[in-house]
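S.K.: How does the following fold in three dimensions:
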Amino acid sequence: MIALVIVLGLIAAVILYVIVTYNSFVSLRERIRESWSGIEVQMKLRYNLIPNLVETVKGYAKHESGTFEQVTRARTEAMANLGSPAEQASSENVLSGALKSLFALSENYPELKANENFLSLQDQLSDVENKIQSARRYYNGVVRDNNTKIDQFPSNLIANSFNFIKAEFFELAEDEGAVRKPVNVKFD
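M.R.: A predicted model of the protein is given here:
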């Protein structure tokens, strides 16, 4: 009789562990989705600011069409990229580089740097960039927690049984050096 109670207690403990672990995986999956949504919202705000910024700079630097085309192309590609976080990170890095070129260009036009509209757009873009960084850190933290739990024993048994998979981090592109290099602006 005591042995039966012990066996039933162990079975109940295992079932309870499976339920709790399964639910924690579901919770992590939803937190990943929610945090990715936060990144997407901030990227859309960024995309919406860029045309206004480009138009403001165009008014002062009419002969810099190559830079404007680069920013516009990078924005269009980033907006169209609906791939994995790694693919989106790559297109976002291209866009960041193009924006650096645009801001470097503005350094050559003192009247532009003093323009209230430009300064406001620059501040808004800086704020959005900070929010993207924050959302990215949160997303990567949730992904880390999820991936760690999938790898740890015994929760990995539950993850494998119910097909929970690792999520991708939202990281800088493989060529991090290119993203971190200062922008080189030349006028011919």
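
S.K.: where does this structure have low pLDDT?
M.R.: For the chain, residues meeting the criterion pLDDT under 70 lie at 63, 172-188.

S.K.: can we see that at 80?
M.R.: Counting by pLDDT under 80, the low-confidence segments of the chain come to 58-65, 105-115, 172-188.

S.K.: what about the helices in it?
M.R.: Using DSSP state H, the helices of the chain run over residues 2-60, 65-80, 85-106, 110-113, 116-151, 155-161, 176-180.

S.K.: winner for burial among these?
M.R.: Neighbour counts (mean count of other Cβ atoms under 10 Å) averaged over each of those peak at helix 85-106, with a mean of 20. For every residue, glycine as well, the C-beta is placed using N, CA and C.

S.K.: Tell me what angle that one forms with helix 65-80.
M.R.: 160 degrees (axes from the mean of the first three to the mean of the last three Cα atoms, to 10 degrees).

S.K.: and helix 85-106, what other elements does it pack with?
M.R.: Using 3 or more Cβ pairs under 8 Å, 6 or more residues apart in numbering; DSSP states H and E as the contact test, the elements touching helix 85-106 are helix 2-60, helix 65-80, helix 116-151, helix 176-180.

S.K.: Dump the ones you listed to JSON lines, plus distance to residue 92.
M.R.: Below are the helices and strands packed on helix 85-106 laid out as JSON lines (distance: least, Cβ to Cβ, whole Å):
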{"stretch": "helix 2-60", "distance to residue 92": "7"}
{"stretch": "helix 65-80", "distance to residue 92": "6"}
{"stretch": "helix 116-151", "distance to residue 92": "8"}
{"stretch": "helix 176-180", "distance to residue 92": "10"}
